[in-house]
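1. just coords:
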């Protein structure tokens, strides 16, 4: 087993003494090429007028939220520029997610490089939106951009967050609502802002509404009404989603070639995009890139994720990690933790399966390394068998049928998506409980009549999977459209059923997401459902389980099953859905198996 060097990952920089106190240049205005002025704060090491390497972070979430990071980096000898993106908080201009971040990013980076406190070497920093806007800036090829720390920034917004598998992600509507609540107009509309605040505190009722009815809450906020309406108007992968603002693959060949550190987690909804960006930019560019994948969700770094505890070694100090990266590329210091291996990933599993003092399950795991992503693996197929078994070869021909009622969807419990405390994300036991949206009891989800479960026999030896899993199903429905969902689950001897990976497909998009192809009721068709990448040790005596259904709410909008326009349906109906088994129609899950370390 290759053991990750943990010194930096457990907080080397936290033990360093600050170099200096900081000083702050507040409420600066940076003029863009079209005359719009963006608000910025600049954090500098105190004392002296030395020119410093410079970090730029541009956020839609209020630049004040960057204060702690900015002060910390200033104490390490950097100038740190914190900027509100166009149309957010104190910055001028209209806001629309991502679309202005290329030219604005170029202008901010070059402005920073010209200042008397900068030595002209600029790195970009940030997570999520703050990583997406780094990609857009790199597309403009700013001369003074030297390195990037792109934390949980995806590649294909349609597939990763807008309409994964062609199903509307309700989390994007929540994001738009929060953006409207914190927008400049909301500050002068207290009653309308309060409506949004109540939704964000408890969104269940709002999420149960028709998509067009949900839009009404944005009427007092025209900018966000437009963003939300555009979202609903583009359920297919059309020109809207091909815009470089939402589709990084279209820009890979034109992005500035600078060293980039990519970070994500197995339970992050942008994980697939982070992996694609790393893999493809590594192939197309000359600069050295690095990848770190942990057992985390969208907020990377802690040892816990959901109900799982992965051990003290899983915890990573993201500031220290990024500091090493920037110190090398902007200050010329040697790399240590990131010097040799291009890929560091956390293989989950192998823990005691007891409970920590905090009450979380000890799933455990270890850091591994690789020279490329994905690491070499052997594909192993497990076939869905009549009687609820997973086997190494298809045998008896048969089918399993269930009724999917969109008015009673399967609740979201764990996985790559979550909406606050109402839909717990990450590592979770697949059992309903009080307080979870959609749960009507405290039974296992597998007990529902609309969930099909298929399990292996207890494993005689451990099985390690690292890479992207995929389900191939032969299915039919009596409806012109419906959804199919798949979960990959690690079942311990005590019955704890931990979600490892999941995916879904809207049947009208079975031939691709650029156009709709409604289902012919009763016709048997083949569908492929990516379960995306993960790394997990299915320990000896555990079972590998696959759960199939047709909903996962409120992660995704439930299908109306009518075949009407995706977001303009007028009624809902139950669907009778079937999954086919056997040699002629071998429904299966394909796992990337690597040698157990």
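-> It's in. This structure is a prediction, so every number in the text was calculated from the model and none was measured. Numbers count the residues shown, from 1 in each chain.
2. so what does residue 476 have for phi and psi?
-> phi -150, psi 160 (degrees, to the nearest 10).
3. residues touching it, list them.
-> By Cβ atoms under 8 Å, 6 or more residues apart in numbering, the contact list for residue 476 reads 522, 523, 524, 525, 577, 578, 580. All C-beta atoms are positioned from the backbone trio N, CA, C, and that covers glycine.
4. so how far is residue 250 from the closest residue in space to residue 90 that isn't next to it in sequence?
-> In space, and not counting its chain neighbours, residue 90 is closest to residue 39: 3.5 Å by Cβ to Cβ, 6 or more residues apart in numbering. Distance of residue 39 to residue 250, computed by Cβ to Cβ, to the nearest Å: 30 Å.
5. residue 454 now?
-> Applying Cβ to Cβ to residue 454 and residue 250 gives a distance of 38 Å.
6. more neighbours: the two, which one.
-> Using other Cβ atoms under 10 Å, the more surrounded residue of residue 454 and residue 250 is residue 454, with 25 against 14.
7. what's the neighbour count on residue 33?
-> 9.
8. for the nearest residue to it once chain neighbours are set aside, list the residues it contacts.
-> Among residues not flanking residue 33 along the chain, residue 107 sits closest, at 5.8 Å (Cβ to Cβ, 6+ apart). Residues in contact with residue 107 (Cβ under 8 Å, 6+ apart) are 30, 31, 32, 33.
9. now the helices for this structure?
-> For the chain, applying DSSP state H gives helices covering 67-75, 101-114, 129-139, 157, 170-181, 190-201, 204-207, 211-214, 222-233, 239-242, 271-284, 318-331.
10. and the pLDDT for residue 340?
-> pLDDT for residue 340: 88.
11. re the thing from before, give me the pLDDT value at the residue nearest to residue 33.
-> So residue 107 comes in at 99 (pLDDT).
12. pLDDT at residue 5, what is it?
-> Residue 5 is given a pLDDT of 29.
13. can you check the one 3 residues further on too?
-> Looking at residue 8, its pLDDT reads 32.
14. could you do residue 47 as well?
-> At residue 47, pLDDT is 77.
15. what about it, neighbour count?
-> Count around residue 47 with other Cβ under 10 Å applied: 11.
16. any idea how far it is from residue 169?
-> 48 Å.
17. ok, residue 494 - how many residues close by?
-> Neighbours around residue 494, by other Cβ under 10 Å: 7.
18. what's the burial count for the residue nearest to it when sequence neighbours are not counted?
-> Closest residue in space to residue 494, ignoring its immediate chain neighbours: residue 353 at 7.1 Å, by Cβ to Cβ, 6+ apart. By other Cβ under 10 Å, 17 other residues sit near residue 353.
19. also residue 403?
-> Neighbours around residue 403, by other Cβ under 10 Å: 13.
20. now residue 252
-> 17.
21. and for residue 535?
-> What residue 535 shows, counting by other Cβ under 10 Å, is a neighbour count of 25.
22. equivalent analysis for residue 244, please.
-> 18.
23. is residue 81 in a bridge, and if so with what?
-> residue 42, residue 56 (DSSP bridges).
24. ok, it to residue 147 distance?
-> Residue 81 is 15 Å from residue 147, by Cβ to Cβ.
25. between these two, which is the more surrounded one?
-> residue 81 (31 against 22).
26. wait, that one sits on residue 110?
-> No. Using Cβ atoms under 8 Å, residue 81 is not in contact with residue 110, being 11.6 Å away.
27. now residue 27, nearest residue through space, not along the chain?
-> residue 39 (6.5 Å).
28. ok, now which ones touch that neighbour?
-> Counted by Cβ under 8 Å, 6+ apart, residue 39 has contacts 27, 28, 29, 63, 83, 84, 89, 90, 91.
29. and for residue 423?
-> 411, 412, 413, 417, 436, 437, 554, 555.
30. burial check on the fourth one, number of neighbours?
-> So that's residue 417. 23.
31. from residue 162, how far off is the residue lying closest to it once chain neighbours are set aside?
-> In space, and not counting its chain neighbours, residue 417 is closest to residue 555: 4.4 Å by Cβ to Cβ, 6+ apart. Separation of residue 555 from residue 162 (Cβ to Cβ) stands at 13 Å.
32. residues of stretch 473-493 that come out buried?
-> Neighbour counts over stretch 473-493 (16 or more other Cβ atoms under 10 Å) mark 473-492 as buried.
33. what's residue 512 sitting at in phi/psi?
-> Per degrees, to the nearest 10, the backbone of residue 512 is at phi 130, psi 160.
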